[in-house]
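Engineer: Test case, fold it:
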Amino acid sequence: MKITVELQNITSTCHRVRVIPPSTSVFAIGPGKFPGKGGMIAPGMTCQYTVQFVPESLADYKDYILVETPVSEPLLIPIQAKRSPPVLTLPRIIDCGFCLVGGIKAVATLGSVIQDPFGIYPAVFELAPGQSTTVQVVFFPSLPGVSQQTYTIVCDNCQVNDVTVTGVGQLIALELLHVTGGESSSESDEVTDVAAQHLIRFDPQNPHSTTQKFMLIRNSTHVELPFYWQIVKPNLQPIVPGETAHSVTPEYNRETESVFSLSPKQGVLLPHTDHDFTLTYTPQELKIYHSVIQLVLRDIPESPGLVKERMLQNIPEYTAEDVIALDIEVKGSTEPFQLLLEPYAVIIPGESFLGVKVRRTFKMWNNSKSLIKYTWENITDCAIMEVEPLTGVIDRNKYCEFELMITGIRPGCVSHNLQCQIQHSAEPVVLHVEAAFKGPLLHISVPSLRLGLIKPGETVVGTFEIQNLCQLPARWRMQESQACLAERNEEVSPFTIQPSAEEIPPLGTCSVSVQYMSLLCQRLHTVLELEVENGERSYLPVSVEVQTPQACLISSHLQLTEMYTGIPVKATSKLFNQTRLPAKYSWGKLIGSQAAFCSASVTPASGILAPNEEKELCIELTANITGELKGLALSCCIEDVTEPLFLSISGEVKGLHVTYSVPCEGGDTSDERKTLQSPRDLLLDFGSEVALKDIVKRQLILTNHTAISAPFKLEAVYFTGSSPTPEQSISLSSNYLVKRRGPITKHAAKRAQSEFAAAMLSHGKGVAFHIQPSSGTLQAFQQLIIEITAYNNMWGEYSDDLVCKVGDLQPTLIPMQMTVKGCPLFLQMTGPQTQRPIIRFGTHVSGGCPVFRSFRLNNPTPFDIRLDWETYNQEEDDKKLVDLLMLFEDPFPPKGMAKNRTASTGSNSEIVLGLDQPPIPRGSIHPALQTTDEVSCCSYDSAGAAEHWGCLCNPRQLQNRRLSLQVVPGGGSSSVRISFTPHVLPEPVAEVRCDGFVLGFMSLDDEVSRVLQQG
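Structural biologist: Below is the predicted model:
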């Protein structure tokens, strides 16, 4: 803050002034402001200085400013800065009153000052003049008794005030002062709650009665205690020797529905006051009740140690819990109502007349501990029994007198237990009553009425008499029994009774006639009821029989099995005559939605059934459809019967079902053969190592699982053999040659077989499949073995499908496959043979002229075969096992794309000619149909040193020539020329044997031929 000091020149001359600033650092003085220049102050003029106060605290400060002039004494100007002393309304003594030990009377928050057992908040505060704030004092006693603590309030200007805080800590103290009838003590062998402090026992009561006891409980503390009552099940766990009841941790289970209740249930216990409570016991059942009532105090503080720890941790809240202050064990028992009847039974001797009211009196004593409410029942079924008074109340140890009134309503003896219902009692009070009554007695002259056998439309009448055997007039009424009418589902009786009702005088008689007529055929057995007013009923059985011819089927449903379309099936059914009259029958036609597709015949179609005769009929059904027969029935008409009989026919009509199977590898065609259910799983595999021109046979089994005969036809899709003429088939068939008898040589049989194979392969496809039999009829349930013979004259992998057509079934395709291996080419000079031919060049002079050998290769196949020749020299002690061959593009390109190759010379004197297939020598690369710019490698067993063009062999070898490629036309031949050029032998070698061989790799140069060869 700042203040301005003004100095005035009161002299008559001009003067200069010097101002010395204060010595303390809180005061500072600025430069002066003068009226003129040069710092001179003219007479009467003033100058001004600014004093700035910057305090370091709120304490009081004093200092001075010294002003000096040339002509006078120095002028001392004192400076003082201070605040007015604080005036606070805080009392000197703060009384916190009473508090439970461990409790707290205010909430301590952050920044409080704690000094056990008090705390003040806020610890630091600032008040402007006229401003107020709230200071909270926290009292949390840890021990009972009076506590006092002095707190000092220090102001920032060093003002000090003392405040004294006092409080009283108290423990919970509740006392049960009085109980109505006094407290009870437990027996030595009685089971009690381990934590209960008091025992209150109720006297035995009746169910649903109510009794009360009053309790007086004193709150000895000076603190209000909120409370509520709770009722729990007793804790009956035993105490281990060495433990006390207080050392056992109790487990409480609340009782949701208790016969004990308290009032008031909850409230506040006022400080140092006695309170009255009402304990009510209302038992519901006959048993002993045992519970514990607990007085629970709400929001009781926890232990003082936890409170202090939370205050030190600046936790403002404290937790409280409900504490059980009193455990009072209550017990009560229940006993049943004690009631006594005098007498306990009412027996009326002799027989009383119907309609006369008989009276008797009796008493009922109430020996129970509470009043009872009773209600007597009224009986009206066997007799009318009434008790007066019907309902009421009987106080304890009192009795009530009743009057029993009995009125007979039907003759006979009456024995009944009349019940009196007691409110809240499970067992009623029973009064046994016995009486006998009598009334009029009538007698029917006949035991039963038989009207005999009649025809429809006829009327029959029967008569009898009714006698009155008593000396009282009797009114009666006769009608057919309602139970019999209900059993026949009729409302009006077909019987006419004359008279149907009348009064018979004492010892009198009455004649009655019964007339019956029916238009329906039936055998009727019924009962006529004779009802006597106030008397016993009598019953008269009546029987009559009305018949017309009637027959029935023993079974109205005919289930046919093993049905096949178009195949007749037979079954039997029985027709029975149900009456003693002859019945004429006649079978009709089929009816139903499928009747147009079926035909049926019955043998015999008509006839007469003798009385009670059972006849067996033969039914033949032919169905021209497949599937389940639905709604098909055969009608049978019975003469004089309106509704015909229907024989429903059902069954499953099966169509043609043929399966295919392949025998086991051993050729077994018995039941142990391998049968595949799905044609897709079938495969006719003729082998993967079939030699050239070998004949391989396989079998296919056709099984007809139905009774339907059907034509069949089998043929291959592509590799079908050329069909020879019937004469050729007979003469060239190998089976026929085997079966012929006569002088035929083995050579002729082999030749005939070769001619037959040539005829089959004349189509020029390389393979032909001959099927025997290829067509015919597959009989019912037949198992037919089909033999498929495969002929070949060309190597390759062949696959085809065998098309099997049976009847109207969809054709089935069975795959066939065969791999043929071998060389079809052979030298003309040796003919076909298995051993490799050897070409010998003989012995020649070293360095001589080339020696040539020519031979002709024959190709009996229909395809042009391309030969790629490779020459090899065999060396002694050659330890090379594997050759690596690198190929660029197609190893065997088409003939038009092949590059020109020149012959090379070799050094072998003996050449072995070999024609190998597949085309790649011992490799794993298959020839491609299109040329690709690829480099591939393959490895194969080393056969020797390959001879390359322009390559000179070592001195021990001679040279031969390698041919590049050659095509042998199908069905023709081609010449091959091999040259042998002896090399000059080094010295001192005198003679060298040269061995080598030529490999010709066969392939089909024509793309179409390749496809045909691969099948």
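
Engineer: contacts and neighbour counts: CA atoms only from here.
Structural biologist: Noted.

Engineer: need the contact list for Trp376.
Structural biologist: When the contact criterion is Cα atoms under 8 Å, 6 or more residues apart in numbering, the partners of Trp376 are Val387, Leu390, Thr391, Leu418, Gln419, Cys420, Gln421.

Engineer: among the residues you listed, which ones are buried?
Structural biologist: With neighbours counted by 16 or more other Cα atoms under 10 Å, the contacts of Trp376 contain buried members at Val387, Leu418, Gln419, Cys420, Gln421.

Engineer: re the thing from before, okay, the contacts of Trp376 in JSON lines with distance to Lys233 and pLDDT next?
Structural biologist: Supplementary listing: the contacts of Trp376 in JSON lines, determined by distance: Cα to Cα, whole Å; pLDDT from 0 to 100:
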{"residue": "Val387", "distance to Lys233": "46", "pLDDT": "92"}
{"residue": "Leu390", "distance to Lys233": "43", "pLDDT": "90"}
{"residue": "Thr391", "distance to Lys233": "39", "pLDDT": "91"}
{"residue": "Leu418", "distance to Lys233": "42", "pLDDT": "91"}
{"residue": "Gln419", "distance to Lys233": "38", "pLDDT": "90"}
{"residue": "Cys420", "distance to Lys233": "37", "pLDDT": "93"}
{"residue": "Gln421", "distance to Lys233": "34", "pLDDT": "91"}
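
Engineer: what two of the buried ones among the contacts of Trp376 are the furthest from one another?
Structural biologist: Among the buried ones among the contacts of Trp376, the pair separated by the greatest distance (Cα to Cα) is Val387 and Gln421, at 12.7 Å.

Engineer: For Met385, give its distance to Gln522.
Structural biologist: 47 Å (Cα to Cα, to the nearest Å).

Engineer: If you count surrounding residues, which of the two has more?
Structural biologist: A side-by-side neighbour count of Met385 and Gln522, using other Cα atoms under 10 Å, places Met385 first with 21 against 15.

Engineer: how far away is that one from Ile347?
Structural biologist: Spatial separation of Met385 from Ile347 under the definition Cα to Cα is 13 Å.

Engineer: Now for Leu802: which residues touch it?
Structural biologist: Residues touching Leu802, when contacts are defined by Cα under 8 Å, 6+ apart, comprise Leu714, Glu715, Ala716, Val717, Thr812, Leu813, Ile814, Pro815, Met816.

Engineer: out of these, who's nearest Leu442?
Structural biologist: Checking these against Leu442 with Cα to Cα, the nearest one is Thr812 at 92.3 Å.

Engineer: Report whether the expected contact of the closest one with Val803 is present.
Structural biologist: Yes: taking contacts as Cα atoms under 8 Å, Thr812 lies within contact range of Val803: 5.7 Å.

Engineer: Please name every helix or strand in contact with whichever strand or helix holds Leu784.
Structural biologist: Under the assignment given by DSSP states H and E, the secondary-structure element containing Leu784 is strand 783-792. Contact here means 3 or more Cα pairs under 8 Å, 6 or more residues apart in numbering; DSSP states H and E; on that basis strand 783-792 packs against strand 696-704, strand 767-772.

Engineer: what lines up beside the helix or strand following the first one in the sheet?
Structural biologist: Right, strand 696-704. Towards the C-terminus, the helix or strand next in line after strand 696-704, according to DSSP H and E, is strand 710-716. Paired with strand 710-716 in the same sheet, following DSSP bridges, are strand 775-778 (antiparallel), strand 796-806 (antiparallel).

Engineer: what would the contacts of Trp376 look like in JSON lines with secondary structure?
Structural biologist: JSON lines is the format used below for those (DSSP: H, G, I helix; E, B strand; the rest coil):
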{"residue": "Val387", "secondary structure": "strand"}
{"residue": "Leu390", "secondary structure": "coil"}
{"residue": "Thr391", "secondary structure": "strand"}
{"residue": "Leu418", "secondary structure": "strand"}
{"residue": "Gln419", "secondary structure": "strand"}
{"residue": "Cys420", "secondary structure": "strand"}
{"residue": "Gln421", "secondary structure": "strand"}
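
Engineer: need the residues you listed in JSON lines with distance to Pro582, can you?
Structural biologist: As requested, the contacts of Trp376 are arranged in JSON lines below (distance: Cα to Cα, whole Å):
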{"residue": "Val387", "distance to Pro582": "70"}
{"residue": "Leu390", "distance to Pro582": "72"}
{"residue": "Thr391", "distance to Pro582": "74"}
{"residue": "Leu418", "distance to Pro582": "65"}
{"residue": "Gln419", "distance to Pro582": "66"}
{"residue": "Cys420", "distance to Pro582": "69"}
{"residue": "Gln421", "distance to Pro582": "70"}
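
Engineer: Can you pull the domain assignment for the protein?
Structural biologist: 2-82, 93-170, 174-238+252-334, 339-438, 442-546, 551-654, 658-663+679-723+753-821, 824-885+961-1014 (the TED database).

Engineer: Let me see the mean pLDDT of the third one.
Structural biologist: Taken as a whole, domain 174-238+252-334 has an average pLDDT of 84.

Engineer: That domain spans what distance, first to last residue?
Structural biologist: For domain 174-238+252-334, the first-to-last residue distance is 32 Å (Cα to Cα).
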